[in-house]
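Visitor: Need the 3D shape of this:
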Amino acid sequence: MKKIGLLAIVLATTGLISLSASANVKDAASIYKNRCANCHGNKANGVPKIKGTPGIDPREADAKGIASEESANIYGPPLNRLSKEALLKKLDEIRNGDFDSESTHSIMRKNLDEIEKREGKISDEAMADYIYNTFGPGAE
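Guide: As a prediction, the model looks like this:
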C-alpha cells in the first residue's frame, strides 16, 4: 500500500514538473514573439542598426514609422548563432549588470525590467532553450 502511495506521489510530481517546464517554454515563446523579436528579429537573426533622421522628435518618428536621430543606435544582435550556454551567459550578464553603462546590454537590462514588470519573471533557462531549439543550432 505504501508503495502505491509513493508511486502516485512520484508520478504526480513528475507530471507537475513537466507541465511547469512546458508552460515556461510556452511563456518564453510568447514573450520572444511579442517583445524580443522587435529587436532581435522574428527568427533571432538580428535587426541591423538603422540610420536616424536628424531633427526628428522620437514621438514624431514613431508615428511616421521612421527612426529619430536619438534612437538610431538601437538594434538587436543575432541570437540564432549562439549555443545554449552562450545565451545563458548573456542573460546572466544582463541580469547581473556585468557590462558598462553605455553598452547595448544596459539598454537590454532596461528592456528586460520593463518586460518582467508586464509579464512576470522570465526563466533564463526556458528562454535560452526556446531560442536555441527554435532558431539556433538545436533546431537543425
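
Visitor: buried residues in stretch 30-46?
Guide: If you call a residue buried by 16 or more other CB atoms under 10 Å, then stretch 30-46 has these buried ones: Ile31, Tyr32, Arg35, Cys36, Cys39, His40, Gly41, Ala44, Gly46. (Glycine included, C-beta is placed from N, CA and C.)

Visitor: pLDDT averaged over whichever helix or strand Asn38 is part of, what's the number?
Guide: Asn38 belongs to helix 37-40 when elements are defined using DSSP states H and E. For helix 37-40, the mean per-residue pLDDT is 85.

Visitor: Ok, stretch 81-89 next?
Guide: Computed over stretch 81-89, the mean pLDDT rounds to 94.

Visitor: send the alpha carbons of that stretch over as PDB?
Guide: Output for stretch 81-89, consisting of C-alpha atoms alone and laid out as PDB, is shown next (Å, rounded to 0.1, in the frame of the first residue of the first chain):
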ATOM      1  CA  ARG A  81      24.200  31.600 -33.800                       C
ATOM      2  CA  LEU A  82      24.700  31.200 -30.100                       C
ATOM      3  CA  SER A  83      24.900  28.000 -28.100                       C
ATOM      4  CA  LYS A  84      22.500  27.500 -25.200                       C
ATOM      5  CA  GLU A  85      25.400  28.100 -22.800                       C
ATOM      6  CA  ALA A  86      26.300  31.400 -24.600                       C
ATOM      7  CA  LEU A  87      22.700  32.500 -24.400                       C
ATOM      8  CA  LEU A  88      22.500  31.700 -20.700                       C
ATOM      9  CA  LYS A  89      25.800  33.600 -20.100                       C
END
